[in-house]
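Peer 1: Please work out how this folds:
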Amino acid sequence: MNRLALAVLVVLAAVLLPGTPARAADAGNPFADGWYADPDVAVYGNTYWVFPTTSKSYAEQTYLDAFSSTDLVTWTKHPNVLTTARVSWASYAMWAPAPVQRNGKYYLYFAANDIQNDSSLGGIGVAVADRPEGPYSDALGRPLIGQFHNGAQPIDQDVFIDDDGQAYMYYGGWGHANVVKLNADMTSLGTFSDGSTYKEITPAGYVEGSQMFKRNGKYYLMWSEGGWTGPDYSVAYAMASSPTGPFTRLDKVLAQDPAVAKGSGHNAVLNVPGTDTWYIVYHRRPLSETDGNHRQLAFDRMTFAADGTIQRVAMRVQDDFADGNALGWRTWGGSWSVSGGRYQAGSSLGGKALLDTSFGDLVYDADVTVTAGSGDAGVAFRVTQPATGADSYRGYYAGISPAGRLVLGRANNSWTQLGVATVPIAAGSAYHLRVTAVGPAIKVYLDDLATPRISVTDATYTAGQTGVRVYNAAAAFDNVSVAPANLALGRPATGSAPCVVSESPEKAVNGTVAGGNADKFCSVAAGAWLRADLGAIQAIGRIEVAHAQAGGEAAALNTRAFTLAVSNDGTTWTTVASATANTAATSVHPLSGVSGRYVRLTVTTPTQTTDAATRIYELRVYP
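Peer 2: From the prediction side, this is the model:
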């Protein structure tokens with residue numbers, strides 16, 4: 001979508017939903033500068049608010065900041081909205097603020113002191129202010145919850161107000177979760193119909209970080225699993241028909257991506273008012289960081305299947321620089337700045353800016369404009385050992401030059417040209433550059449995304465950072481996007497009726513078979529089918545299908561006969577591959593000259609035997 005069309009949509013959203021904020025662009029993660037964690041969110045009027053933990057040592061966690069935005073792109077920092085100086089009983093470890101508005105006041109629930117037993121002073125407190133940005137002051141002079149109940153450490157609180165006006169607080173660490181009722185004054189606890197105050201709702205796998213939201217009459221409890229300093233930190237969820245459960249764990253929603261970030265967890269959920277657009281707001285740790293407190297704030301789109309279950313979230317790597325900053329980028333040489341919604345590089349002999357990523361197989365898109373000079377500018381990928389200097393890195397680079405060429409090469413403190421194409425390039429004009437790298441196969445596209453201008457085979461480097469680079473030229477970069485080369489990964493998927501609700505089509509595009517027998521699309525329908533929407537017409541060079549054996553089931557259950565078809569519109573289909581006697585756990589189907597937005601697998605014989613169930617663990621589509 002171009003900027004004009006996007007602007008029109010934003011204007012329409014403002015007309016249709018006056019007084020509510022709207023999502024305007026994807027300006028990149030992290031969205032706030034500094035080390036922060038445990039975000040919670042609120043929408044007050046036409047403004048989004050994020051309240052996080054300050055991610056420092058316990059002794060330094062004596063204050064809370066907040067961030068506000070009217071478009072989820074440009075954020076304003078509000079420092080010290082609450083400090084221990086305004087809470088007589090709090091000394092340190094001020095954690096996980098939870099905001100809510102009621103009674104004409106703004107409330108902020110927080111944990112402090114990280115108490116380890118009932119004889120220690122601390123727990124969950126509540127502060128109040130007249131404005132969203134505070135300053136907030138302690139409302140009680142003591143903790144609201146200052147002891148362990150049902151084994152739950154009093155931390156990581158989330159406040160949820162149901163449609164009937166009843167307010168609930170969900171909280172708990174040390175592997176236990178409780179729910180309590182809040183009275184109308186929002187500073188005292190109510191009781192349940194059985195006379196109890198603290199109701200344990202701990203689902204399987206729960207560690208900490210409760211979060212509650214409601215959608216289409218269903219209650220969703222989310223929580224964090226794993227260790228907060230480790231790469232295994234993640235988010236799981238349950239659904240229920242009551243705000244008090246029971247909550248049965250369904251699936252992970254968010255986990256580390258070894259190409260993007262680790263330690264992703266402790267989330268909040270944000271719904272754009274008046275829409276069914278949802279985001280998960282969370283913290284994550286950059287790949288190269290080893291300090292547990294080095295966490296950053298991020299958010300990504302969260303989508304739902306037809307049955308209301310949450311699809312697994314893919315952490316995006318994209319930046320359109322609309323927020324006016326280059327958070328997450330690190331530079332080696334040259335001069336770099338953000339202006340006019342673009343990342344600007346002054347002329348240098350090899351200045352580069354990189355993201356802390358580690359992609360192997362990838363699809364890398366960027367708009368590149370050479371603004372001055374006779375050299376070239378473009379994208380670097382699979383980069384390791386970066387340093388200041390013309391070719392001081394190991395990796396690949398593809399760039400364009402006003403001298404009329406598109407070049408692809410390999411660097412290792414020297415330069416090896418791998419391919420070149422003669423193309424007309426005008427200084428000051430933007431060109432869309434795409435690189436696909438799948439194993440040793442590297443292709444470079446320029447504006448035309450169906451036909452590569454350069455195709456080479458080079459197996460020297462397999463994975464590394466991604467970024468942008470200039471050589472004897474000044475340039476501007478925009479709309480940077482890096483994604484796994486599997487074009488179907490995390491995309492919307494539909495199919496014939498599943499064997500059970502949990503074996504829906506989405507399981508075949510979630511990028512993993514790690515869930516074993518439960519991580520597949522299963523259907524007993526005659527002529528079972530599975531369709532993935534790639535989002536746009538894409539060049540397709542290979543399709544892979546992971547069958548039953550790939551997920552740990554018997555080889556006799558591998559799909560025996562099926563066809564693969566593509567379509568630009570979802571109506572007219574062209575068969576591009578077929579199998580009549582497949583026995584492979586994963587079948588590979590190379591293609592040439594094929595493109596499409598939709599890919600469909602249609603089964604004619606489900607298994608090697610008479611078993612009627614089709615089992616597809618993954619449908620992978622590569623450029």
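Peer 1: low-scoring stretches of the stretch 451-600 of the chain, by residue?
Peer 2: Within the stretch 451-600 of the chain, the stretches falling below the threshold (pLDDT under 70) are 514-515.
Peer 1: May I see the buried residues of stretch 94-113?
Peer 2: Within stretch 94-113, the residues that qualify as buried by neighbour count (16 or more other C-beta atoms under 10 Å) are 94-101, 106-113. Glycine gets a C-beta too; all of them are placed from N, C-alpha and C.
Peer 1: That one: how far from the chain's middle?
Peer 2: Relative to the mean C-alpha coordinate of its chain, stretch 94-113 is positioned 26 Å out (C-alpha atoms, centre = their mean, to the nearest Å).
Peer 1: looking only at pLDDT, what's the mean for that stretch?
Peer 2: Across stretch 94-113, pLDDT averages out at 98.
Peer 1: Dump the C-alpha coordinates for it into CSV.
Peer 2: Only the C-alpha atoms of stretch 94-113 are listed here, as CSV (Å, rounded to 0.1, in the frame of the first residue of the first chain):
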residue,chain,number,x,y,z
MET,A,94,8.8,-1.2,41.3
TRP,A,95,7.3,-3.4,38.7
ALA,A,96,4.6,-4.0,36.1
PRO,A,97,2.3,-0.9,36.3
ALA,A,98,-1.3,-1.5,35.3
PRO,A,99,-3.4,1.5,34.3
VAL,A,100,-7.1,2.0,34.4
GLN,A,101,-9.5,5.0,34.5
ARG,A,102,-12.6,5.1,36.7
ASN,A,103,-14.6,7.6,38.9
GLY,A,104,-13.0,10.5,37.1
LYS,A,105,-9.6,9.4,38.3
TYR,A,106,-6.6,7.5,36.8
TYR,A,107,-5.4,4.5,38.8
LEU,A,108,-2.0,2.8,38.5
TYR,A,109,-1.5,-0.5,40.2
PHE,A,110,2.1,-1.6,40.8
ALA,A,111,4.3,-4.1,42.6
ALA,A,112,7.2,-3.1,44.9
ASN,A,113,9.9,-4.6,47.0
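Peer 1: Go ahead and confirm G263 touches T229.
Peer 2: Yes: under the criterion of C-beta atoms under 8 Å, G263 lies in contact with T229, with a separation of 7.2 Å.
Peer 1: Point me to the residue sitting closest to the centre of the chain.
Peer 2: Of all residues in the chain, the one closest to the mean position by C-alpha atoms, centre = their mean is M315, 2.5 Å from it.
Peer 1: Now for that one: which residues touch it?
Peer 2: Remark: with contacts taken as C-beta atoms under 8 Å, 6 or more residues apart in numbering, M315 is in contact with 29, 254, 257, 260-261, 264, 284, 298, 300.
Peer 1: Mind picking the lowest-pLDDT entry from the residues you listed?
Peer 2: Confidence-wise, D257 trails the rest of the contacts of M315, at 90.
Peer 1: What is the burial count for that one?
Peer 2: Counted with other C-beta atoms under 10 Å, the burial measure for D257 works out to 21 neighbours.
Peer 1: State the distance from it to R312.
Peer 2: Using C-beta to C-beta, to the nearest Å, D257 is found at 11 Å from R312.
Peer 1: Ok, A353 next?
Peer 2: Distance of A353 to R312, given as C-beta to C-beta: 30 Å.
Peer 1: out of the two, which sits in the busier spot?
Peer 2: Under the neighbour definition other C-beta under 10 Å, A353 and R312 were set side by side, and A353 has more, 23 against 20.
Peer 1: Who is T457 paired with across the strands?
Peer 2: Under DSSP bridges, the beta-bridge partners of T457 are A441.
Peer 1: ok, which stretches of the stretch 251-400 of the chain are strands?
Peer 2: Applying DSSP state E, counting those that start in this stretch to the stretch 251-400 of the chain gives strands spanning 262-271, 278-285, 296-302, 317-319, 329-332, 336-339, 342-359, 362-372, 376-384, 394-401.
Peer 1: Looking at these, spot the one closest to V588.
Peer 2: Ranking the strands of the stretch 251-400 of the chain by distance to V588, with C-beta to C-beta as the measure, places strand 362-372 first at 18.7 Å.
Peer 1: Starting from the closest one, tell me which strands it pairs with and how they run.
Peer 2: In the sheet containing strand 362-372, its partner strands are strand 430-438 (antiparallel), strand 464-484 (antiparallel), by DSSP bridges.
Peer 1: so of these, which one's packed in deepest?
Peer 2: Burial of the strands paired with strand 362-372 is given as mean neighbour count (mean count of other C-beta atoms under 10 Å); strand 464-484 ranks first at a mean of 24.
Peer 1: what separates that strand from the chain centre, distance-wise?
Peer 2: For strand 464-484, the distance between its averaged C-alpha position and the chain's averaged C-alpha position is 21 Å (C-alpha atoms, centre = their mean).
Peer 1: Now the element after it, going C-ward?
Peer 2: If you walk from strand 464-484 toward the C-terminus, the next helix or strand you reach (DSSP states H and E) is strand 493-495.
Peer 1: for the next helix or strand after that following strand, packing partners?
Peer 2: Under the assignment DSSP H and E, the closest C-terminal helix or strand after strand 493-495 is strand 521-523. In terms of contacts (3 or more C-beta pairs under 8 Å, 6 or more residues apart in numbering; DSSP states H and E), strand 521-523 is packed against strand 493-495, strand 529-546, strand 614-616.
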